[in-house]
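Novice: I need the structure of the sequence given here:
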Amino acid sequence: MTSRRLFILLLAPFLLIGPPLSGQSESGITLSAYLERIAAGHPLFSRENLQLENARLSAEALRTEAWQLSLSSAYSRLGEASAQIPGLNSLQGVGGTAALERSIWASGGALSLNLSSDFSRYDYGFPSGTSDSYLSSAGISYTQPLLRNLGGTLDRLGYELAREGLEATEIQSLENREFFLLDAGSRFLDWVLLQEQARIAAERLELAREQLAQVERRYSANLVDRVDVLRAQDAVRSAEQGRLQLMSLYKARQAELAVLAQDPKLYDLTPEFDLFSTANLQDPEAALITLKSGSRLLLPLRNGLALLARQRAGLVEQARPLLALTVAGGLAGADSADYLASWELTEPDVTVSLWFSHTPGNRSLKRQIEALDAEIAALAAQVQEVELELEAALRGLRIQLTELEKILELGRAQIESAREKTAEELALYNQGRGQLTFVIQSRDNERNALSGHAENAALYQGLLLQYRALMDELLPANL
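Specialist: Here you go, the predicted structure:
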């Protein structure tokens, strides 16, 4: 998954971007404004939010540090053999208990509060008859582990693992959103390139029409042959075809963007973007430190390492002996005739108990720990692998961006040269010392130089988009 992501970042030169304009006119829209519209209304962002909320609720469901109320009631009848009381024919009893219990994660202990009430009837037969007894009590008990789960390690384990998993889900959600915006941004900036190419084509068409009008005037004055008129007409038709083709692509891309943003107003807007700008980027070594310390491609892996380490600690904790101390105290009251009188709790009860349990040589836990150790080592190696891939991607993009800046500089010089050549060819033709074919070719070369320069600028912006996505700078800060 990670390698695939890096592969896309490195081999997608059609992705185009540049710095957005600081403002936005009523008839135009910047890249940042468009991406904000996408983030505000596209179903993908709603889906990601719902999935995150579901993950949060699932994690919170594992939080067991809360009071739990339990109620119980029972009826029993014991015969002479079971009662084991000399002279007793039967013993009947009914009672109920209400308890409040809570685990204390900070210590690993458990606190319990309880109320109980019991009624017993003793049947001794003739002539003794029956006797009744009411017994009520209120108490509190606390159990504290002294070895296993000391400090609540095991109590919190499930919740903490779920929280770690939630962080990984959040990071992946951000990656999904940024990758979607990467695609949306590339479409927007493809629209920008088509706008620039259509503008160049419109200028070429206007020059071709002016050239045709000039040739027709010269033909009327018998200064040129009919073939020059035909050549000029062909140049106009060719320029018109190129412009119409580019406008159709421009409108098609505009329609795609409007649907993605779910905003029909986009049909009336034009992109506002400086295609020919260049960026002042962070020093490569500083950028590499930033990338390795906080890349969202690395964070899930490091999060996974923490998750595995936490699981391992839980297994080690389970392997420890179970030694626990329980202290309980309360007050009790009894009466043979009056139920309410039994609630005069005057007799204290105290219980202190210590219990121990251990399974020495637990092979199952040992194998699980060994398996986790192997998984941790493999994941640590994967972290190093991704760090190398990120460094390769970063250095490759920086080299390409640097070289493209040189190419853009040469492109500007080529455009000036093409314009000068066109002016010379036109001057020769107007003097009757050149051919119209050379003028048309020169103007086509000039257009090709302008279009090629725009494509190189678009390629530069595409690499810049990839660089910003690699550095996790594409996603708006509010997301």
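Novice: the stretch 151-300 of the chain: strands as residue ranges?
Specialist: Here the stretch 151-300 of the chain has its strands, by DSSP state E, counting those that start in this stretch, at 270-272.
Novice: run through it and note the low-pLDDT ranges.
Specialist: Applying pLDDT under 70 to the stretch 151-300 of the chain flags no residue at all.
Novice: contact partners for the most far-flung residue of the chain relative to its centre?
Specialist: Distance from the centre of the chain peaks at residue 127, with 82.2 Å (CA atoms, centre = their mean). Residues counted as contacts of residue 127 (CB atoms under 8 Å, 6 or more residues apart in numbering): none. C-beta: built from backbone N, CA, C; applies to glycine.
Novice: now do the same for it: its pLDDT.
Specialist: Predicted confidence (pLDDT) for residue 127: 77.
Novice: relative to residue 375, how far out is residue 382?
Specialist: Plainly put, residue 382 is 10 Å away from residue 375 if you go by CB to CB, to the nearest Å.
Novice: let me fix that, I meant to ask about residue 230.
Specialist: For residue 230 relative to residue 375 (CB to CB), the value is 77 Å.
Novice: more neighbours: which of these two?
Specialist: residue 375 (15 against 12; other CB atoms under 10 Å).
Novice: helix or strand for the more buried one, which one?
Specialist: Per DSSP states H and E: residue 375 is located in helix 363-430.
Novice: report the distance from that helix to the chain centre.
Specialist: For helix 363-430, the gap between its own C-alpha mean and the chain's C-alpha mean amounts to 23 Å (CA atoms, centre = their mean, to the nearest Å).
Novice: so what does that helix touch, helix or strand wise?
Specialist: helix 2-10, helix 284-294, helix 299-318, helix 436-470 (3 or more CB pairs under 8 Å, 6 or more residues apart in numbering; DSSP states H and E).
Novice: out of the ones you listed, indicate the one that is most buried.
Specialist: Neighbour counts (mean count of other CB atoms under 10 Å) averaged over each of those peak at helix 436-470, with a mean of 21.
Novice: packing partners for that helix?
Specialist: Looks like helix 436-470 contacts helix 2-10, helix 153-220, helix 226-261, helix 363-430 (3+ CB pairs under 8 Å, 6+ apart).
Novice: residue 68 is nearest to which of those?
Specialist: Nearest to residue 68, of all the helices and strands packed on helix 436-470, is helix 153-220, at 13.4 Å by CB to CB.
Novice: quick one, the closest one and helix 436-470 angle?
Specialist: Interaxial angle of helix 153-220 relative to helix 436-470 (axes from the mean of the first three to the mean of the last three CA atoms, to 10 degrees): 170 degrees.
Novice: in the stretch 1-150 of the chain, which spans are helices?
Specialist: 2-10, 31-41, 43-60, 80-83 (DSSP state H, counting those that start in this stretch).
Novice: among those helices, which is nearest residue 315?
Specialist: helix 43-60 (20.9 Å).
Novice: let's test this: mean pLDDT of that closest one, rounded?
Specialist: 87.
Novice: residues of it that come out buried?
Specialist: 44, 45, 48, 52, 55, 59 (16 or more other CB atoms under 10 Å).
Novice: from residue 414, how far off is the residue nearest to the second one when sequence neighbours are not counted?
Specialist: Once flanking residues are discounted, residue 45 sits nearest to residue 39: 5.6 Å by CB to CB, 6 or more residues apart in numbering. Relative to residue 414, residue 39 is positioned 40 Å away (CB to CB).
Novice: again with residue 208
Specialist: Counting by CB to CB - residue 208 and residue 414 are separated by 21 Å.
Novice: between those two, which has more neighbouring residues?
Specialist: residue 208 (23 against 18).
Novice: any idea how far the more buried one lies from residue 459?
Specialist: Counting by CB to CB - residue 208 and residue 459 are separated by 28 Å.
Novice: before we move on, what about residue 222?
Specialist: From residue 222 to residue 459 the distance is 49 Å (CB to CB).
Novice: what of residue 121?
Specialist: Residue 121 is 95 Å from residue 459, by CB to CB.
Novice: domain assignment for the chain?
Specialist: 2-61+157-307+368-470, 68-104+109-148+324-357 (automatic domain parsing).
Novice: can you redo those domains as a markdown table with distance to residue 315?
Specialist: Compiled in a markdown table, these are given as follows (distance: least, CB to CB, whole Å):
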| stretch | distance to residue 315 |
| --- | --- |
| domain 2-61+157-307+368-470 | 5 |
| domain 68-104+109-148+324-357 | 12 |
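Novice: to residue 316, which of those domains lies closest?
Specialist: If we rank the domains of the chain by CB to CB, the stretch that ends up nearest is domain 2-61+157-307+368-470, at 6.7 Å.
Novice: quick one on the thing from earlier: just say which of the helices and strands packed on helix 436-470 is most tucked in.
Specialist: helix 153-220 (a mean of 19).
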